[in-house]
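Engineer: what follows is a predicted structure for the sequence shown.
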Amino acid sequence: MTQHLPVLQVVIPLVLAPLCVLVRHPRAAWALAALGSLCAFGIALDIVSTVLASGPLSYDVGDWAPPWGIEYRIDAVNAWILVIVSLVSTAVVFFARASVEREVEASRVALFYAAYLLCLSGLLGIAATGDVFNVFVFLEISSLSAYALIALGQDRRALAAAFRYLIMGSVGATFIVIGIGLMYATTGTLNMADLADRLPGVWHVRTIKVAYGFLAVGCFLKLALFPLHLWLPNAYTFAPSAVTAFMAATATKVAVYMLLRFFFTIFGAAFSFDVMNLDMVLMPLAVAAIFSMSFVAILQTNVKRLLAYSSVAQIGYMILGISFASVTGLTAAVLHLFNHALMKGALFMALGCVAYRIGSVHIDAMAGLGKRMPATMAAFVVGGLSLVGVPLTVGFVSKWYLILAALERGWWPLAVIVLITSVMALAYVWRVIEAAYFREFPGDRETREAPAALLVPTWALVVLNVYFGIDATRTVGVAERAAEILMGAAP
Amino acid sequence: MTSSLPPFLVFFVGALLAAVTRGTVRKVLLVLVPVAGALNVWGVEEGYAWQLEFLGYVLEPVRADRLSLLFGYLFHLAAFIAVVYSLHLKKAENATVQHVAALVYAGSALGAVFAGDFISLFVFWELLAVSSAFLIWSRRGPGSARAGMRYLVVQVVSGVALLAGALMRVHETGTLSFGFVGLDGLSGWLIFLAIGVKAAFPLLHSWLIDAYPEGTPTGTVFLSAFTTKVAVYALARGFPETEILVYAGAAMACFPIFYAVIENDLRRTLAYSMINQIGFMVCGIGVGSALAINGAVAHAFNDVLFKGLLFMSMGAVMHMTGKTKASDLGGLYKTMPFTAVLCMIGAASISAVPLFNGFVSKSMIMSALIDGGYMWIWPVMLFASAGVVEHAGIKIPFFAFFAQDSGIRTREPPRNMLAAMTVAAIACVAIGVRPGLLYGLLPYAVDYHPYDASHVLTQIQLLAFAIGAIVVFQLLKIYPAEIRAVNLDADWFYRRAGARLVRRTGDAVAQAGVALRSAAAGVARPMYEGAFRAHGPHGPLARSWPAGSMVLWVAIMLAAFLLFQFL
């Protein structure tokens, strides 16, 4: 049984999804989704402890030996991604019960959970697999279900946003499959480890460079790197609250993982940075993303949209970390994957609480909420401080490593940029705090604190924000290990 | 060593309790917190430290040596006085927020002076900023919300500069420990800048003038005690004997005088005078000899007492009459005799009248200047001292309590206010009469006697001259609006030049400030507008794009990526 865990992780949600459609009952469907998430989370924790203790796991699907069969290969990097995705999914699924009942028609709730489980399974699959074509398959599973989830939003603009995301997502996936195809044409293999062995022999072949280009742009699109982020703000804004929290905390993270896998494990850091000059591409885009998107966020009036733009800026930090091409830089990036999932998960869930009670997340509608919904707004404040990077929160740990990495390379202007943009983050977080705590509540509405069903999962993530901000040894340990593996310094 | 708690902890726990209690229980608790803290810190000895590991670095949230202990005692005394002063607050004055913020603020100041590493310092630095902003917001007056926000932004930026400098320093030296920093390299300058903002260096000072007069009457007493003194502590720790500080300090001691003399709002006058006093301390730290450092920290100690006393008396006036403008007040001695006397004790102390505490510390700095060979700075500081007499020593009590009777009839302030002012006044006189009380606590051994003939005579001449000048101005009805030539003793010729320059320089400085500000606005506004056009809600960077143009971007990216590889 235990040797099947790597694949069960993906298969359990995949099998539970059609069951949701069959049972039709909203609560029963929710129970299945919760079961799927909890199983995935439990398995992920088991896998990560095994991997950290005794090295990478390998699982041959259907007992077909690699490189012919599909291999699931899990090392510290993707074990970590599995934990992030399943942890967030578990928190969100408990949040979703009340939130989705409010925001999605009753007849569609079962379908919602089916799509949710499919999306979860796709994201876990991308992370777990060691086969590049399998990556594409799971990418399509997660993306198609994500379009459906977004389209379930109350606002009619959700449909248009989902459609636009569908076009962009398909373009991205197509680019990735073109890249995979070109690699296959040149090397004749789809297994990641096998590809990593064979690619150095064909570095000079132009096809490989073109494949690299397609894969790069495909990944940039999926992870919403500036200026290919244009699909993201609308998709996040109009999706149901639970979906926004889930997608913001997982989908782009898995895309970043894909980028890391393709460019560090398969092509190798040497090829990426010495031949393809990836750092020269990533760094300017990352800096532009951080600056420009933080500024856009400051001027937004819809708080969900504000946080969506802030996500694009935060992705810039991860990409900046990757562009340093050093173990410290990658540590910062991998740490921020986890930390950003915690903070954005908490923030979007707090916004979900607000939407549950007042039906709007416009900044003016949140006036005076600090008194009416103290627990919700306190969660938002802690999450916001984490986003800014205040000490004792996870945001500080991320920024710390990012700045160390910048100084290690001697690029102190980038360290200064990180600090300046933290102040910009403070500005946009402050706008919400100012509205909630310093403006008077319009007296005509009767508003109470959000129900415990929403607050408990939200605060669970908030507490993690603080816990891992104080005791960062575990997260930093895993991130360092992952960074060493990616740089080829450790097996 | 002892079983003492970290000093800041007492205040943070106290703040927590103050948030949940009300009424008499809270009043007792509020008074007990600084007392308990003082007993606790009394047990802390040199060498007491508390260390922990964070991200592979050793942090030292508590580290006690003579310098930090001195500030520790001082902050407990200041917190006690200010807490007593604010006991009367009612719910309508946002009492809970003010009490909690004040205790957190005092605790953060203690945390900062006992912090042994830059990260702990940074944490307390930012806590200071945030908690003190609430003391400004609590006034709820017109402008205090905005002034509080401006204040907070400046303070947070100072914190960011501190963190940036600290990080670069870690990278250079591999240690986070907060000791001598010095001005070599960018990291040193960043830390210097961060402290400079908090210490209100010239050109970095406007937040102080902007924010302090906007605070609540009680909040300003807290504000005057902590933020700038933490900065003085940090300078004494990180940048002793840095020559630029001598000149910066001299500039700080002089330029506010011009503003203070023409300022009508008495609390704002005190804010200017605060910068002027910090100038003396900064100057002393810049000289850096044992005597100078002793003088600087002793002056910080005394400044908290007498500036607190002056702010308290003006706060009492404001509390009872609602006014702080010199032109609205006058003649209050008839109805507030106690307050008037206490205010005059504060005024005598700040003017460094012998037998009051300002004298015993300021004369140390002046002597250190001569010993250090700063012959040109010494007269400048003497001029600044005369200016103090004029704008703080005479102007404050004169316009509030004497001058032309404004017709206001009021009563003495609440008893707790009087009690707090009395404690401060007693401390001022006690230290003035028995300087040994303070000298025993200073970081270096003291072999200094303020009461010798030359010091006392110099000071009395200075005072006599300055007071004489004001009397003449008053008789000629040219104070403070116009100042003509005054017959002066030849010894004080520079003062005459100063007197003539008062208005002209004041105007020129003010005009230069306005010009600088509009020039800055001229540059910044088009930049902001350009950025807003691009990033605003309807700008191209924030608009929803049709799918076609998004795909176009993808194509551009791919083409660029491929071209980049093949060129």
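Structural biologist: Alright, I've got the coordinates. These numbers come from a predicted model, not from an experiment.
Engineer: from the centroid of chain B, which residue is nearest?
Structural biologist: B:Thr228 (3.2 Å; Cα atoms, centre = their mean).
Engineer: separation between that residue and chain A?
Structural biologist: 23 Å (Cβ to the nearest Cβ, to the nearest Å). Backbone N, C-alpha and C define where each C-beta goes, glycine included.
Engineer: same deal with B:Ile365?
Structural biologist: Going from B:Ile365 to chain A by Cβ to the nearest Cβ gives 36 Å.
Engineer: which strands and helices sit next to the strand or helix carrying that residue?
Structural biologist: Per DSSP states H and E, B:Ile365 falls inside helix B:357-371. Judged by 3 or more Cβ pairs under 8 Å, 6 or more residues apart in numbering or on different chains; DSSP states H and E, the packing partners of helix B:357-371 are helix B:266-287, helix B:290-321, helix B:337-350, helix B:377-388, helix B:415-433, helix B:436-439, helix B:453-475.
Engineer: can you redo these as CSV with mean neighbour count and mean pLDDT?
Structural biologist: Formatted as CSV, the helices and strands packed on helix B:357-371 follow (neighbours: other Cβ atoms under 10 Å in any protein chain shown; pLDDT from 0 to 100):
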stretch, mean neighbour count, mean pLDDT
helix B:266-287, 28, 88
helix B:290-321, 26, 89
helix B:337-350, 23, 89
helix B:377-388, 22, 85
helix B:415-433, 21, 89
helix B:436-439, 17, 83
helix B:453-475, 16, 80
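Engineer: and the helix or strand where A:Ser49 lies, what does it pack onto?
Structural biologist: Under the criterion of DSSP H and E, A:Ser49 resides in helix A:26-54. Judged by 3+ Cβ pairs under 8 Å, 6+ apart, the packing partners of helix A:26-54 are helix A:5-23, strand A:57-60, helix A:76-103, helix A:109-128, helix A:473-486.
Engineer: which one, of these, ends up nearest to chain B?
Structural biologist: helix A:473-486 (6.8 Å; Cβ to the nearest Cβ).
Engineer: quick revisit: save the helices and strands packed on helix B:357-371 as JSON lines, and put in distance to A:Gly122 too.
Structural biologist: As requested, those are exported to JSON lines (distance: least, Cβ to Cβ, whole Å):
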{"stretch": "helix B:266-287", "distance to A:Gly122": "62"}
{"stretch": "helix B:290-321", "distance to A:Gly122": "63"}
{"stretch": "helix B:337-350", "distance to A:Gly122": "72"}
{"stretch": "helix B:377-388", "distance to A:Gly122": "72"}
{"stretch": "helix B:415-433", "distance to A:Gly122": "67"}
{"stretch": "helix B:436-439", "distance to A:Gly122": "72"}
{"stretch": "helix B:453-475", "distance to A:Gly122": "81"}
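Engineer: one step back: most tightly surrounded among the helices and strands packed on helix A:26-54?
Structural biologist: Burial of those is given as mean neighbour count (mean count of other Cβ atoms under 10 Å in any protein chain shown); helix A:109-128 ranks first at a mean of 27.
Engineer: my guess is the residue nearest to the centre of chain B contacts B:Met274, does it?
Structural biologist: Yes - counting by Cβ atoms under 8 Å, B:Met274 is a contact partner of B:Thr228 at 6.8 Å.
Engineer: any stretches of chain A with poor pLDDT?
Structural biologist: For chain A, the stretches with pLDDT under 70 are A:1, A:443-445, A:489-491.
Engineer: what are the ranges of the strands in it?
Structural biologist: A:57-60, A:71-74 (DSSP state E).
Engineer: before we move on, what about chain B?
Structural biologist: Under DSSP E, chain B gives strands at B:49-54, B:57-63.
Engineer: I'd like those strands as a markdown table, with distance to A:Tyr437 appended.
Structural biologist: Converted to a markdown table, the strands of chain B look like this (distance: least, Cβ to Cβ, whole Å):
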| stretch | distance to A:Tyr437 |
| --- | --- |
| strand B:49-54 | 30 |
| strand B:57-63 | 29 |
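Engineer: count of residues packed around B:Leu128?
Structural biologist: 26 (other Cβ atoms under 10 Å in any protein chain shown).
Engineer: list the residues that contact it.
Structural biologist: B:Tyr105, B:Ser108, B:Ala109, B:Ala112, B:Gln155, B:Phe226, B:Thr227, B:Val230 (Cβ atoms under 8 Å, 6 or more residues apart in numbering or on different chains).
Engineer: not counting its neighbours along the chain, what's nearest the third one?
Structural biologist: The shortest distance from B:Ala109 to any residue other than its chain neighbours is 4.0 Å, reached at B:Phe226 (Cβ to Cβ, 6 or more residues apart in numbering or on different chains).
Engineer: try the fourth one
Structural biologist: Of all residues beyond its chain neighbours, the one nearest B:Ala112 is B:Phe124 (4.0 Å), with distances taken as Cβ to Cβ, 6+ apart.
Engineer: and the pLDDT for that neighbour?
Structural biologist: You'll see B:Phe124 listed with a pLDDT of 91.
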